[in-house]
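**Student:** Next one to model:
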Amino acid sequence: GHNDGGPINDNSRARGTICGIGDETQEIDNQLTGKHEIVHTYGWYLRQFVRGSLERKMTPIICSPVPHVPKSPVNEGDLEKSDYVNLSQEVAEQEKIPFIQLNGLIMRKYVGLSVSEIKSRYFTPADNTHTNPMGAVLNAHCVVEGIRTTRGCEALAKFIVDEPATEPGQ
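**Tutor:** Numbers count the residues shown, from 1 in each chain. Model prediction:
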């Protein structure tokens, strides 16, 4: 979801998708690769992952994108204001597969911290998108929490080994 909101075709990244869950497409001549491509919606790509998993007898689980550094202090129940957070949930509901609201689980961990604390504790100095090792551990703990608490993940949850409760990154 982080790159999907970017440009569909430009001369520096060209990694975006069409914001939506339908079957819309856009044909481009990729400025970076010079190749002709058909770009689909974010939801279309998620459904390809789901169907490919099911064909291989796997159990797909969709997680929402993780949050960026918030622009203001986080309150209980806040989600990042991203279409892709909602789109990921819509696809999971359409496909009737488990959905982990990873964005919400992580944002709850930010409650009570200032924006600068969140940035310095969990993100790299380079940008407001990529986590540092402590942020990666926090995100991983939230994935585990999501697996334990999400309906449809019970078969996977029984393989999670309990460990002593510690602050992520310690």
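**Student:** what's the neighbour count on Glu93?
**Tutor:** The number of residues packed near Glu93 is 11, by other C-beta atoms under 10 Å. For the C-beta atoms, the positions are set from N, CA and C on the backbone; glycine is no exception.
**Student:** list the contacts for the nearest residue to Ser12 once chain neighbours are set aside?
**Tutor:** Distances taken as C-beta to C-beta, 6 or more residues apart in numbering place Leu32 nearest to Ser12, at 7.8 Å, with adjacent residues excluded. The contact partners of Leu32, taken as C-beta atoms under 8 Å, 6 or more residues apart in numbering, are Asn11, Ser12, Arg13, Ala14.
**Student:** Pull up the gap between the nearest residue to the first one once chain neighbours are set aside and Ile160, please.
**Tutor:** Spelled out, that is Asn11. Nearest residue to Asn11, sequence neighbours excluded (C-beta to C-beta, 6+ apart): Gln31, at 4.6 Å. For Gln31, the distance to Ile160 equals 44 Å [C-beta to C-beta, to the nearest Å].
**Student:** same thing with Glu93?
**Tutor:** 25 Å.
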